[in-house]
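In: Model the structure of this input:
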Amino acid sequence: MDDRFIEAFFNEYTIPMDLLLMIGLICFFKLPKELRANVHYWLPLLIVVLSVLFQNVGFYTNYNYEFKKSVNAFLGNTQYPQFNLWLFNITDKQIGVLLFLGLIRIWLAPSKRIYITWMMYIFVVAIVFLQLSGIELMYLHQPIIFALGANMILVGCGLYFIGMITQEEYLDSNPLKLVSFWQMTFIMFTFSLSYISSVALFYLYKVNPVLGESLQTIGDIMSLVTLGILTLSVASPHISRIFEKEPSYESN
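Out: Have a look, this model is predicted:
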């Protein structure tokens, strides 16, 4: 096991991320069968599993340059073989956005879920059109796709918080003891920060690299915290004294 492998897979970001995945899996499989079939528990776990998997694939592409170069060549990117943007475009900016929109949808009132459903359809159509038309190539930076996805996430979080102060089901609840409140809060902050970073990061690295690096580090920390909140969501039935039962609408 060489030093590059250890550096790629055993660092201050990967270790807590992998630990969260293990904790989430253990807590999930200790849930009763009926709860394991509940979207409120398996969807947060799915996001954690895919996030950790995609991040580790990304670390592998940085470790194995020849593999990264060959994938870039297959996609038509011979000019920048050192980049693995194709991976994070597909995972974080596309699949990840759809999964988070799905997560937001399950916490909304039935009358509001249709908005998220249409956002997801529009987002998929936009992804296909922008990539097939060559406007935003899969292996390069995709500001339009990411901006569209991030803004949809923020709108979805806004719908949740509007529902919290207007829906009768939430009026008698303590938001600080609701899993959904913490999910939406950290998803909103993480995507807000990611959106700001995507717009300003290259500029900051040129004029103030220290600030740019700090912003990137904060983004990584927020991503870890969000994964931690999702893991806590899976574990919440085991610590029911801390959290209140979520206000229920009709079946999701």
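
In: what residue ranges in the stretch 1-150 of the chain score low on pLDDT?
Out: 1-4, 7-8 (pLDDT under 70).

In: What is the burial count for Ser173?
Out: The local packing of Ser173 (other C-beta atoms under 10 Å) involves 17 other residues. No exception for glycine: its C-beta is placed from N, CA and C like everyone else's.

In: Let me see the contact set for it.
Out: For Ser173, the contacting residues are Glu244, Pro247, by C-beta atoms under 8 Å, 6 or more residues apart in numbering.

In: can you pull the buried residues of stretch 149-162?
Out: Gly149, Ala150, Met152, Ile153, Gly156, Cys157, Leu159, Tyr160 (16 or more other C-beta atoms under 10 Å).

In: Could you pick out which of these are located in helices?
Out: Counting by DSSP state H, the buried residues of stretch 149-162 place Gly149, Ala150, Met152, Ile153, Gly156, Cys157, Leu159, Tyr160 in helices.

In: What's the separation between the first one and Gly58?
Out: When you say that, I think you mean Gly149. Going from Gly149 to Gly58 by C-beta to C-beta, to the nearest Å gives 18 Å.

In: Isn't Phe29 up against Leu35?
Out: No - applying C-beta atoms under 8 Å as the test, Phe29 and Leu35 come out as separate, 10.8 Å apart.

In: Extract the CA atoms of the host helix or strand of Leu103 and return them as CSV.
Out: Assigned by DSSP states H and E, Leu103 falls within helix 96-106. Extracted in CSV, the C-alpha atoms of helix 96-106 (Å, rounded to 0.1, in the frame of the first residue of the first chain):
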residue,chain,number,x,y,z
GLY,A,96,-27.5,14.1,-6.3
VAL,A,97,-29.9,17.0,-7.1
LEU,A,98,-32.7,14.6,-8.2
LEU,A,99,-32.3,12.6,-5.0
PHE,A,100,-32.4,15.7,-2.8
LEU,A,101,-35.4,17.0,-4.6
GLY,A,102,-37.0,13.6,-3.9
LEU,A,103,-36.1,13.9,-0.3
ILE,A,104,-37.6,17.4,-0.1
ARG,A,105,-40.8,16.1,-1.8
ILE,A,106,-41.6,13.6,0.9
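
In: got the contact list for it?
Out: Taking C-beta under 8 Å, 6+ apart as the rule, helix 96-106 contacts 39-40, 43-44, 46-47, 50-51, 113, 116-117, 119-120, 123-124, 149-150, 152-153, 156-157, 159-160, 183-184, 187, 191, 252.

In: what about Phe29 and Leu35, which has more around it?
Out: The residue with more neighbours, out of Phe29 and Leu35, is Leu35; 15 against 10, by other C-beta under 10 Å.

In: Okay, buried residues for the helix or strand harbouring that one please.
Out: Element membership for Leu35, per DSSP H and E: helix 33-36. By neighbour count with 16+ other C-beta under 10 Å, helix 33-36 contains no buried residues.

In: swap in stretch 230-246?
Out: In stretch 230-246, counting by 16+ other C-beta under 10 Å, buried: Leu230, Thr231, Leu232, Ser233, Val234, Ala235, Ser236, Pro237, Phe243, Glu244, Glu246.

In: what about the strands in the stretch 51-200 of the chain?
Out: Assigned by DSSP state E, counting those that start in this stretch, the stretch 51-200 of the chain shows no strands.

In: Would you state the helices of it in chain order?
Out: Per DSSP state H, counting those that start in this stretch, the stretch 51-200 of the chain carries helices over the ranges 65-75, 85-90, 96-106, 110-132, 143-166, 168-171, 179-207.

In: List phi and psi for His40.
Out: Torsion angles at His40 (phi, psi; degrees, to the nearest 10) stand at phi -70, psi -20.

In: The nearest residue to it once chain neighbours are set aside and Tyr41: what is the separation?
Out: Excluding the flanking residues, the one nearest His40 by C-beta to C-beta, 6 or more residues apart in numbering is Ile106, at 6.3 Å. Separation of Ile106 from Tyr41 (C-beta to C-beta): 11 Å.
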